[in-house]
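Participant: coords please:
(2 chains)
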Amino acid sequence: AQSVAQPEDQVNVAEGNPLTVKCTYSVSGNPYLFWYVQYPNRGLQFLLKYITGDNLVKGSYGFEAEFNKSQTSFHLKKPSALVSDSALYFCAVRAYGGATNKLIFGTGTLLAVQP
Amino acid sequence: KAGVTQTPRYLIKTRGQQVTLSCSPISGHRSVSWYQQTPGQGLQFLFEYFSETQRNKGNFPGRFSGRQFSNSRSEMNVSTLELGDSALYLCASTDWDNEQFFGPGTRLTVL
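Facilitator: Got it, this is the predicted structure:
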């Protein structure tokens, strides 16, 4: 069965420091991986995706993610955190099998950036 | 280009009632997916529609149903509401490049 794990419920980081939000996955075949961000009382905003190609993917708002096939990981990173980055972050994988856009989400990681 | 719109944004219902939520995808997007978000269960896939056909369905009871119209707008219906149906219901439309764009959601409260 396909699944996504976000091992940290919360990540705390000081403004200006680098941040990492972890994600590991379990899928059959080649994964389609995504990161989304959710601000309070809002829907999900797309940050970036990995389909194929370079393992380092660059996305919106200065975020990037590194696909590591051997470790089945897709960690989200940013070189310098901003207070405005504080939000709930979700990793997701597209379900495998036939034509579908179904996403399987991790449980989310709350990122708190302290000034 | 307008984003995904969902109506209404907030709903309060009582147990046993039914509710219909609406989603208008981004123009040109033919795939619409629905998700339920709760603090306990996180984000759970409900169903996906493509060109008016249900293409995939999550593990929810038959009280949850949906449909898609020829203009790609979608509705989901929940009958015989239960307290546990209180959630944020999110709709997403998908473009040709596999990016899902989410609407702001409908916050359903069941009393």
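Participant: secondary structure element for the most centrally placed residue in chain B?
Facilitator: Geometric centre of chain B, nearest residue: residue B:34, 3.6 Å, by CA atoms, centre = their mean. Element membership for residue B:34, per DSSP states H and E: strand B:31-38.
Participant: hang on, the earlier thing: distance of the residue nearest to the centre of chain B relative to residue B:74?
Facilitator: With distances taken as CB to CB, to the nearest Å, residue B:34 is found 7 Å from residue B:74. The C-beta positions use only the backbone N, C-alpha and C, and glycine is treated the same way.
Participant: cool, and residue B:103?
Facilitator: Taken as CB to CB, the span from residue B:103 to residue B:74 is 11 Å.
Participant: Repeat that for residue B:92.
Facilitator: Applying CB to CB, the value for residue B:92 to residue B:74 is 10 Å.
Participant: could you pull out the strands for the chain?
Facilitator: This is for chain A. Secondary structure of chain A (DSSP state E): strands located at A:3-5, A:10-14, A:19-21, A:24-26, A:33-38, A:44-50, A:56-58, A:64-68, A:73-78, A:87-94, A:103-105, A:109-114.
Participant: that's the wrong chain, I meant chain B
Facilitator: B:5-7, B:10-13, B:19-24, B:31-38, B:42-50, B:53-57, B:64-68, B:74-78, B:87-94, B:100-102, B:106-110.
Participant: about what we covered before: what sits in contact with each of residue B:103 and residue B:74?
Facilitator: By CB atoms under 8 Å, 6 or more residues apart in numbering or on different chains, residue B:103 and residue B:74 have these common neighbours: B:23, B:91.
Participant: Can you list the low-confidence ranges for chain A?
Facilitator: Scanning chain A for pLDDT under 70 picks out A:96-98.
Participant: Which positions in it make contact with chain B?
Facilitator: Applying CB under 8 Å from any CB of the partner chain, we find that chain A lies next to chain B at A:32, A:34, A:36, A:41-46, A:49, A:51, A:90, A:92, A:94-95, A:98-108.
Participant: Please give me every residue in contact with the nearest residue to residue A:94 once chain neighbours are set aside.
Facilitator: For residue A:94, ignoring the flanking residues on the chain, the nearest one in space by CB to CB, 6 or more residues apart in numbering or on different chains is residue A:32 at 3.8 Å. Applying CB under 8 Å, 6+ apart, we find residue A:32 in contact with A:49, A:50, A:51, A:93, A:94, B:98.
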